[in-house]
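**Q** Predicted model and sequence below, questions to follow.
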Amino acid sequence: MVAAVTLMIIYHKRVDPPPQGWTDLCREDLAGEVVIPPYNTPAPALYVHCMGSLFGEKGKTAAARAHAKLFPQDINQYVDAGVYKAGMVFPALARTFRLGMARAVWLREGAVVIPLLAFLKHGAGKEAVRALHALFRKKFKPLSRKAGCSAGTRVDLKGPRPGFRGSGCHG
């Protein structure tokens, strides 16, 4: 695993009351006004899973009404402009808003976390291998965390013992 990327909620400042938890995204005034990253990313599936797991049918219904069509940098702009009332973005894109009309909130239950994995096919080019090695260097991880892009991985954890057959992520 290269990193664990978090997605959090931003909202237009005219939303009253502002969302404080994921359950607030089930409210009638917000459910159809939430924009999330597009279906060719893992975000919609995680959003549907989390909302359904946390809030049952109410959560599934709210998740189904979300607009899965914009990338996070566009979500920032559209929520700031008031086109959508709320959106799901990376923390780095929840810091500033061009029009000053949106706010970020760290919801009571926390953020949605997406594990960022990296795979290279056998015989991958030298540039691809070098790029992947750069992502694992100690110098890159603090930069990524400071920018709010990722939580990084734990380099002090050891992998599974020989013969281990369980599943899970190992940093």
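**A** Right, received. Where do you want to start? Residues are numbered from 1 along each chain as shown.
**Q** Neighbouring strands - and their directions - for the host helix or strand of Ile10?
**A** Assigning secondary structure by DSSP states H and E places Ile10 in strand 3-12. Strand 3-12 has its sheet partners listed here by DSSP bridges as strand 86-89 (antiparallel), strand 102-105 (antiparallel), strand 112-116 (antiparallel).
**Q** If you count neighbours, what's buried in the first one?
**A** The neighbour-count check on strand 86-89 (16 or more other C-beta atoms under 10 Å) flags 86-89 as buried. C-beta coordinates here come from the backbone N, C-alpha and C atoms, glycine included.
**Q** For it, give the mean pLDDT please.
**A** For strand 86-89, the per-residue pLDDT values average out at 94.
**Q** picking that back up, then the strand holding Ile10 to CSV, C-alphas only?
**A** In CSV, the C-alpha atoms belonging to strand 3-12 read as follows (Å, rounded to 0.1, in the frame of the first residue of the first chain):
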residue,chain,number,x,y,z
ALA,A,3,-0.9,5.5,1.2
ALA,A,4,-4.4,5.8,2.7
VAL,A,5,-6.2,8.7,1.1
THR,A,6,-8.9,10.3,3.1
LEU,A,7,-12.1,11.9,1.6
MET,A,8,-14.0,14.4,3.7
ILE,A,9,-17.0,16.6,3.3
ILE,A,10,-17.2,20.3,2.3
TYR,A,11,-20.4,22.2,2.3
HIS,A,12,-21.7,25.5,1.0
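**Q** could we number from 32 for the rest of this?
**A** Shifting the count to begin at 32 puts that one at strand 34-43.
**Q** any idea how far it is from the chain center?
**A** 5 Å (C-alpha atoms, centre = their mean, to the nearest Å).
**Q** Then stretch 100-118?
**A** Going by C-alpha atoms, centre = their mean, the spacing between the C-alpha centre of stretch 100-118 and its chain's C-alpha centre is 14 Å.
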